[in-house]
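J.: Okay, sequence plus prediction incoming.
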Amino acid sequence: MNFLSKNSEILRIAIPSIISNISVPLLGIVDIAITGHLGSQIYIGAISVGGTIFNMIYWIFNFLRFGTGSVTAQAFGRDNKEECALSLARSISICLGISLLLILFHTSILNIAMSVMEVGEMLKHNVEIYFNICIYGSVGFLGLFAFPGWYVGMQNTVIPLVVSISQNVINIIVSLTLVYGFEMGIEGVAIGTLTAQLSGFLLSALICVKKYRDVLSFIKLTKVFRAVEMSQFFKMNSAIFLRTLCVVAVTVYFTVAGTAFGDTILASNAVLMQFFMIFTFFTDGFAYAGEAVCGKYFGMGNNAMLKITIKQLFVYGIITAVAFTLVYIWFGFGIIKLLTDQELVVATAKEYQFWVCLIPVSSVGAFIWDGIYLGCGKVKPMLLCTFLGSSVFFITYALTNQYIGNNALWLGFILYLFVRGFVLRFSSNELGVCQLI
């Protein structure tokens, strides 16, 4: 396979993923944008806190996405249809079990989370409304970890694209209709998110049954729940689970610390964080391509094509980072005003706009390397780099927040992203490709 063919293979996976992942932040951005025009910054803060609580809960279980994609991609490379099918069945069964537990204990979970985050009384009521509705979408949310991971492992990113676009169209239509047509306020925003999550899950399942009927025929319940395979599944994902805890710790503390600076800074940080979310999901398009293609070649034992794939992924990653940096420099303030019309929030966000311009170059390495390592099933270095990056975040904030206030949060966050990519680069001997990158 020549170099141009390799470009084609990466782009065939990456482009649908990029389009799909660009649309993913709309679930959060639409909520922020709608609440940003409801006449009170309290609504923005409530969505930010509520979203952070869900992220704190769901991100703990995103090993379902990562583990499923990695195992499936390598099985696909070995042409093992049975293992491809069983990886999906195990992941979905775990999703359903976790979702049931979350729904059963959601009141206690919410109370603990708001206590830890020290949510004020003015925010508390609206956070409760948002959370108590959206929690019933946990089946859909967790299922949308498992299905996209499996589709990526199967080298198919068109289906996640179709699902993602459909999901976001539903979210926009339902949210706008309920908020502005029926004046339901934050309840309408929550119902729109809930409807979108459940619809996305059902559509993913229906397409899977129709398109991959031959693969799914290999599923046998006695094999799905066999102790040895389930033990291996959880063993592989233990490092991903611990890594996720580090990511959640940084994300949650970013919001918690922001509440200490007041509602206006909390709201402005929530708006600015959408810049990170947009770049994250965009860059993850190439990370997913890395996971799928690198996982396939790793499973095949084709080290030569693995090396070529990694080099080309970074070419695309660097181009993407430069492009986003320029967009954020030139159009950042306009994007802020598009997200909210609250003058105080806009003015405050402008003060910290500089930091979002540093996000692309500081984080691109972390995202691309994450996809490569996941595809190859090398999760321990990912845990190490994220632990070190998280430590840098907390140390930086502790040492500087008394002097530079909210800037300390953003400084620590930028360093956290950079350290993750830096450490993975110099751990790449795990893949046997360090000398070629």
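T.: Alright, I've got the coordinates.

J.: Give me the contacts around stretch 406-416.
T.: With contacts defined as C-beta atoms under 8 Å, 6 or more residues apart in numbering, stretch 406-416 is touched by 250, 254, 257-258, 261, 265, 269, 352, 355, 358-359, 362, 389-390, 392-397, 400-401, 404. Bear in mind the C-beta positions are built from the backbone N, C-alpha and C, glycine included.

J.: Could you tell me which of those residues count as buried?
T.: Buried residues within those, defined by neighbour count using 16 or more other C-beta atoms under 10 Å: 250, 254, 257-258, 261, 265, 269, 352, 355, 358-359, 362, 389-390, 392-393, 396-397, 401.

J.: Residue 418 is in contact with residue 362, isn't it?
T.: Yes - shown here, residue 418 and residue 362 form a contact pair, counting by C-beta atoms under 8 Å, at 4.3 Å.

J.: Using CSV, write out the CA atom coordinates for stretch 60-69.
T.: Taking C-alpha atoms only, stretch 60-69 is exported to CSV below (Å, rounded to 0.1, in the frame of the first residue of the first chain):
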residue,chain,number,x,y,z
ILE,A,60,-15.9,7.2,34.6
PHE,A,61,-17.5,4.6,32.4
ASN,A,62,-16.0,5.7,29.0
PHE,A,63,-13.8,2.7,29.1
LEU,A,64,-16.8,1.1,27.4
ARG,A,65,-16.1,3.3,24.4
PHE,A,66,-12.3,2.9,24.4
GLY,A,67,-12.1,-0.8,25.3
THR,A,68,-14.8,-1.8,22.8
GLY,A,69,-13.1,0.1,20.0
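
J.: Just the element for residue 155, please.
T.: Taking DSSP states H and E as the definition, one finds residue 155 inside no helix or strand.

J.: can you list the weak-confidence ranges in the stretch 1-150 of the chain?
T.: For the stretch 1-150 of the chain, applying pLDDT under 70 flags the ranges 1-7, 21-43, 59, 117-122.

J.: Run through the strands of it in chain order.
T.: Taking DSSP state E, counting those that start in this stretch as the criterion, the stretch 1-150 of the chain contains no strands.

J.: Would you mind putting the CA coordinates of the host helix or strand of residue 374 into CSV?
T.: Secondary structure assignment for residue 374, by DSSP H and E: helix 359-375. C-alpha atoms of helix 359-375 as CSV (Å, rounded to 0.1, in the frame of the first residue of the first chain):
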residue,chain,number,x,y,z
ILE,A,359,-5.8,25.0,23.4
PRO,A,360,-5.1,23.6,19.9
VAL,A,361,-1.3,23.5,20.0
SER,A,362,-1.1,22.3,23.6
SER,A,363,-3.6,19.5,23.2
VAL,A,364,-3.3,18.0,19.7
GLY,A,365,-0.5,15.6,20.7
ALA,A,366,-2.5,14.2,23.6
PHE,A,367,-5.5,13.5,21.4
ILE,A,368,-3.7,11.9,18.5
TRP,A,369,-1.5,9.7,20.7
ASP,A,370,-4.6,8.6,22.7
GLY,A,371,-6.1,7.2,19.5
ILE,A,372,-2.9,5.4,18.6
TYR,A,373,-2.3,3.9,22.0
LEU,A,374,-6.0,2.8,22.3
GLY,A,375,-6.0,1.1,19.0
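
J.: out of everything not next to it in sequence, what's closest to residue 95?
T.: Counting by C-beta to C-beta, 6 or more residues apart in numbering, the nearest residue to residue 95 once its immediate chain neighbours are dropped is residue 142, at 4.1 Å.

J.: Could you report the distance from the one you found to residue 63?
T.: Per C-beta to C-beta, to the nearest Å, residue 142 is found 11 Å from residue 63.

J.: Repeat that for residue 424.
T.: For residue 424, the distance to residue 63 - C-beta to C-beta - is 18 Å.

J.: shouldn't the residue nearest to residue 95 be in contact with residue 100?
T.: No - using C-beta under 8 Å, residue 142 and residue 100 do not qualify as a contacting pair, with a distance of 10.5 Å.

J.: what's the burial count for the nearest residue to residue 265 once chain neighbours are set aside?
T.: Counting by C-beta to C-beta, 6+ apart, the nearest residue to residue 265 once its immediate chain neighbours are dropped is residue 406, at 5.3 Å. Using other C-beta atoms under 10 Å, the number of residues around residue 406 comes to 21.

J.: Next, find the distance separating the residue nearest to the spatial centre of the chain from residue 8.
T.: Most central in the chain under C-alpha atoms, centre = their mean is residue 281, positioned 6.9 Å from the mean C-alpha point. Relative to residue 8, residue 281 is positioned 23 Å away (C-beta to C-beta).

J.: tell me the contacts of residue 291?
T.: When contacts are counted by C-beta under 8 Å, 6+ apart, residue 291 is found next to 69-70, 73, 152-153, 371-372, 374-375.

J.: Can you name the next helix or strand after the strand or helix carrying it?
T.: When elements are defined using DSSP H and E, residue 291 is found to belong to helix 263-300. Where DSSP H and E defines the elements, the next helix or strand beyond helix 263-300 is helix 303-339.

J.: which other helices and strands contact whichever helix or strand comes after that next one?
T.: For helix 303-339, the succeeding helix or strand toward the C-terminus, using DSSP H and E, is helix 343-351. Counting by 3 or more C-beta pairs under 8 Å, 6 or more residues apart in numbering; DSSP states H and E, the packing neighbours recorded for helix 343-351 are helix 41-58, helix 263-300, helix 303-339.

J.: can you put those in JSON lines and add distance to residue 201?
T.: Putting the helices and strands packed on helix 343-351 into JSON lines (distance: least, C-beta to C-beta, whole Å) gives the following:
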{"stretch": "helix 41-58", "distance to residue 201": "13"}
{"stretch": "helix 263-300", "distance to residue 201": "19"}
{"stretch": "helix 303-339", "distance to residue 201": "28"}
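
J.: Which one, of these, ends up nearest to residue 158?
T.: Using C-beta to C-beta as the criterion, the shortest distance between residue 158 and the helices and strands packed on helix 343-351 is 12.2 Å, found for helix 263-300.

J.: I'd like to know the average pLDDT value across the closest one.
T.: In this model, helix 263-300 has an average pLDDT of 87.

J.: Hmm, residue 293 is touching residue 8, no?
T.: No - using C-beta under 8 Å, residue 293 is not in contact with residue 8; the gap is 11.0 Å.

J.: For those two, work out which one has more neighbours and name it.
T.: Of the pair residue 293 and residue 8, residue 293 is the one with more neighbours under other C-beta under 10 Å, namely 30 against 11.

J.: Alright, calling it a day.
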